[in-house]
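>>> Sequence first, predicted model second:
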Amino acid sequence: MTDAARWKATVYVGGLASVVTSVNIHEAFIPFGEIADISLPKNDAPNATEPHRGFAYVEYEDAEDAKEAIDNMDQSELFGRVLKVSAAKPPKSAEEGLGSKKAVWEQEGWLAEHAVSEEDRAAAAAPKASVDDDRPEDPMQGLEGLDVAGPKPE
């Protein structure tokens, strides 16, 4: 299964009580289809007392099963807590975007999106040159006859 297909078949389950285990999640979500994997991220903080971070990812064998689980389990209750079940979003790459350690303009995606060809630069500069010829040197020139703001001087 490709990564894109895997993320379409994965659901995010939020709002889990601290007593919930992966076995409990498996039992709650198995009625909707064959489960390929359950991920219950642990808390990395050294002083954490909770066994997990309060959310999980449930990966199904089929994307239709994931949609069925979302439709049936969102806003349901498990161990006294209301669950938030939605489609999982793929993680952002650590190599791209604002959180990476590379400059934005050195990243492939940014360059492809923002690169400007020499032809585009020439086309953008050409109309600008003709407009500049018609403009007077001083942008305030020609405004001498206009009234000033405020009361008229006497």
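Arrived safely.

>>> Can you show me the helices along the chain?
If DSSP state H is used as the criterion, the helices of the chain fall at 3-8, 22-29, 63-73, 108-114, 118-134.

>>> what's the least confident stretch among the ones you listed?
Per-stretch averages of pLDDT across these put helix 118-134 at the bottom, with a mean of 62.

>>> Backbone dihedrals for residue 88, please?
When read as degrees, to the nearest 10, the backbone of residue 88 gives phi -70, psi 140.

>>> What's the local residue count around residue 35?
When neighbours are defined as other CB atoms under 10 Å, residue 35 has 18 of them. Bear in mind the C-beta positions are built from the backbone N, C-alpha and C, glycine included.

>>> Give me the local confidence score for it.
Here, the pLDDT recorded for residue 35 equals 95.

>>> swap in the one 4 residues further on?
Among the per-residue scores, residue 39 shows a pLDDT of 92.

>>> from memory it sits against residue 56, does it?
Yes - distance between residue 39 and residue 56: 6.3 Å, which falls inside the contact criterion (CB atoms under 8 Å).

>>> So which of those two has more stuff around it?
Of the pair residue 39 and residue 56, residue 56 is the one with more neighbours under other CB under 10 Å, namely 24 against 15.

>>> Show me what the more buried one is bridged to.
The residues listed as beta-bridge partners of residue 56 by DSSP bridges are residue 13.

>>> Same check on residue 87?
With DSSP bridges applied, residue 87 shows beta-bridge pairing to residue 11.

>>> show me what contacts residue 80?
Contacts here follow CB atoms under 8 Å, 6 or more residues apart in numbering; on that basis residue 80 touches residue 17.

>>> State the distance from it to residue 64.
If you measure residue 80 against residue 64 using CB to CB, to the nearest Å, the figure is 30 Å.
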